[in-house]
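K.L.:
Here is the input, now give the coordinates:
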Amino acid sequence: MRVDQVAVDLYQDDQGRRRQIIRGLRKRLLLPIRDFNYYVDRLTAVQNGFGDRIAIGEARDVRDVPHPLGIDGERHYHYRIADSTGLVIPTLPEPIRVYQVEVRPRSGDVPAFVGSVYLDARTGALARMVFSFTPASYLDPRVDRVDVRLEHRGWEGGLWLPYRQVVEVRREMPELDLPVGSVIRATLRVADYEFDPELPPGFFRLGPLERVAYGQADSSVYEGGLMDRMAEEGLSPVSLDRIEAEARRVVRDRVASGLPRLRLRTNSFSHLLRANRAEGVRVGAGATWSPAPALRLNGQAGYGIGGGVGSANLRGRWISTDASASAGLALYAAELRDAGPRPGASGAINTLSNLLRNLDYTDPYFATGARVSLNRAIGPAASIEVAAAFEKHRGAASAWSAPWGP
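P.N.:
Predicted structure coming up:
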């Protein structure tokens, strides 16, 4: 895990010329990871609402996605006014009416924007964008999804200028469904604006971006400490979850993820290969299938060679279009469990212990049954779940030991 902080100045003139100067970059490793460099657009702000074509990750994550407000937007999208709100700005004589326009691609099989734009009803200026992309938009096969929130702030004279942006990129292995992945979340906030500053002649001819190296800037260029916003970012992921839910709802006949619908799966490597006194040496495999945006099915099966025990499970999960409710169903046969209050050892350690020392740290038994659950969100950070299960248990005898052990 790594935390980075950037201090950047934004410039724009009345001719639309733009320039950004990164005055400070610093980072801290919280967990040991391989070092890497960010794409430049992770460290800079979007000043033009992305233009007619949207690109993310220096056009390596997403490229050439038609903007819904671009010149050919109507050829690619359907539009629907979903909501409106009034914003009061103290320096303006009357509230500003902002419309939420839901954008739906005409085809889910091509690179396209999925989400909403918020427009000033009087001027048509962009106030906010909340969106993701269709699966066909993703160029990197590791990308699960990209979520974007772009917020502008209203100023005197009807100006809407960049205020806050959040870009989150989630990646996983495209071939194997493991419960691990990487997340990059870039959050930039514009602290203040200065209008009509004096700039040296030829300032905008120096190039669109200037930057310093990591660790070269004095700490005074930063508005806060490196770790100051960690708690806020960690406690407020729900907004990006809602982006994903909206993408799923708008493109109902497509999976919102850019990963394949069918992948090999394992909860852990111990589900692929393990050894214990109840099953002997067990080999297994699994797969994940997402036939619809709201439905996900996981199945696993295996056979214990030494103990002559076969096992299998099938789990399904359905999520409502607004992500406020979900339901789950699990069916399992001869599922191996440990009778202790907690595992005596990890699967890898217990396997090595069985193979090398003929010592099993678990008290195993087998469970066969079914479980159904219903979950309902009752707030931004709370939910209630009701579940019922029926199971049959049977003990597991010591049916196997390593022939070369002590």
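K.L.:
so where do the strands sit in the stretch 1-150 of the chain?
P.N.:
For the stretch 1-150 of the chain, strands defined by DSSP state E, counting those that start in this stretch occupy the ranges 2-12, 18-29, 53-56, 62-66, 77-87, 96-105, 113-120, 126-133, 143-154.
K.L.:
ah, wrong one, I meant the stretch 201-350 of the chain
P.N.:
In the stretch 201-350 of the chain, the strands defined using DSSP E, counting those that start in this stretch lie at 209-211, 262-265, 273-276, 280-292, 295-304, 309-319, 325-338.
K.L.:
Point out the other helices and strands that the first one packs with.
P.N.:
When contacts are defined as 3 or more CB pairs under 8 Å, 6 or more residues apart in numbering; DSSP states H and E, strand 209-211 packs onto strand 18-29. Yep, even glycine has a C-beta here, placed from its N, CA and C like the rest.
K.L.:
what's the angle from the strand it packs on to strand 2-12?
P.N.:
170 degrees (axes from the mean of the first three to the mean of the last three CA atoms, to 10 degrees).
K.L.:
Mind listing what's buried along strand 18-29?
P.N.:
19, 20, 21, 22, 23, 24, 25, 26 (16 or more other CB atoms under 10 Å).
K.L.:
For the first one, list each beta-bridge partner.
P.N.:
In other words, residue 19. Beta-bridge pairing of residue 19 under DSSP bridges involves residue 11.
K.L.:
can you put the strands of the stretch 1-150 of the chain in JSON lines and add mean pLDDT and distance to residue 400?
P.N.:
Formatted as JSON lines, the strands of the stretch 1-150 of the chain follow (pLDDT from 0 to 100; distance: least, CB to CB, whole Å):
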{"stretch": "strand 2-12", "mean pLDDT": "82", "distance to residue 400": "44"}
{"stretch": "strand 18-29", "mean pLDDT": "82", "distance to residue 400": "44"}
{"stretch": "strand 53-56", "mean pLDDT": "91", "distance to residue 400": "52"}
{"stretch": "strand 62-66", "mean pLDDT": "92", "distance to residue 400": "51"}
{"stretch": "strand 77-87", "mean pLDDT": "89", "distance to residue 400": "61"}
{"stretch": "strand 96-105", "mean pLDDT": "91", "distance to residue 400": "55"}
{"stretch": "strand 113-120", "mean pLDDT": "93", "distance to residue 400": "52"}
{"stretch": "strand 126-133", "mean pLDDT": "92", "distance to residue 400": "49"}
{"stretch": "strand 143-154", "mean pLDDT": "89", "distance to residue 400": "39"}
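K.L.:
Figure out which of these is closest to residue 328.
P.N.:
strand 143-154 (20.6 Å; CB to CB).
K.L.:
Next SSE downstream of that closest one?
P.N.:
Next along the chain after strand 143-154, taking DSSP states H and E as the criterion, comes strand 160-171.
K.L.:
Now do the phi/psi pair for residue 354.
P.N.:
The phi/psi pair for residue 354 (degrees, to the nearest 10) reads phi -70, psi -40.
K.L.:
Give me the most central residue, the protein.
P.N.:
Nearest to the geometric centre of the chain sits residue 170, at 4.3 Å (CA atoms, centre = their mean).
K.L.:
so where's the chain uncertain?
P.N.:
The chain contains residues with pLDDT under 70 at 31-33, 35-36, 91, 156-158, 178-180, 217-220, 225-256, 322, 380-381, 402-406.
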